[in-house]
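Enquirer: Next input, structure requested:
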Amino acid sequence: MIDATDYMIFTDNIIDSEKDVALLRSKGVLKNSLSSDKEAAKLFNALCRGATLNPISKVGHVQWMLDAHFSKPWNKWRAIFVHSYLSNPWVFISLMTAVVVLALTVLQTVYTVADFYKEG
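Expert: Below you'll find the model as predicted:
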């Protein structure tokens, strides 16, 4: 059974700003009856000040798994890449075009240098 205090502390750990509240609200995880998302973020951050999550609870295990996932640099880099380059199809198309142009430029340089040494 999930302890309400553990759940509140876990929710506080994932909420830092009004953007976090807005995201959780849009996904149906959180229902906000306060005047704004900023007020809800302030409430969560104030309620759990000084409280610690029970590490042997189920929610504590989920928090541990989240921390382990986010501590790996590959996951951070992937999230930044997806957020920056895959959010818009035109950004992705321009990125792929730049990669192809760079590859063709390198290939042209290699063939030019190889031809120079073949003739000399």
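
Enquirer: so how many other residues sit close to residue 32?
Expert: Residue 32: 16 surrounding residues under other Cβ atoms under 10 Å. Glycine gets a C-beta too; all of them are placed from N, C-alpha and C.

Enquirer: and the closest residue to it other than its chain neighbours, how many neighbours?
Expert: Once flanking residues are discounted, residue 32 sits nearest to residue 40: 4.8 Å by Cβ to Cβ, 6 or more residues apart in numbering. Around residue 40 there are 22 other residues, counting by other Cβ under 10 Å.

Enquirer: Break down this protein into its strands, ranges please.
Expert: For the chain, applying DSSP state E gives no strands.

Enquirer: right, and residue 7 touches residue 59 too?
Expert: Yes: contact status for residue 7 versus residue 59: in contact at 5.9 Å, counting by Cβ atoms under 8 Å.

Enquirer: Have a look at those two and say which one is more surrounded.
Expert: Neighbours were counted for residue 7 and for residue 59 using other Cβ under 10 Å; residue 59 has more, 20 against 14.

Enquirer: residues contacting that one?
Expert: Contact partners of residue 59, counting by Cβ atoms under 8 Å, 6 or more residues apart in numbering, are 2-3, 6-7, 9-10, 53.
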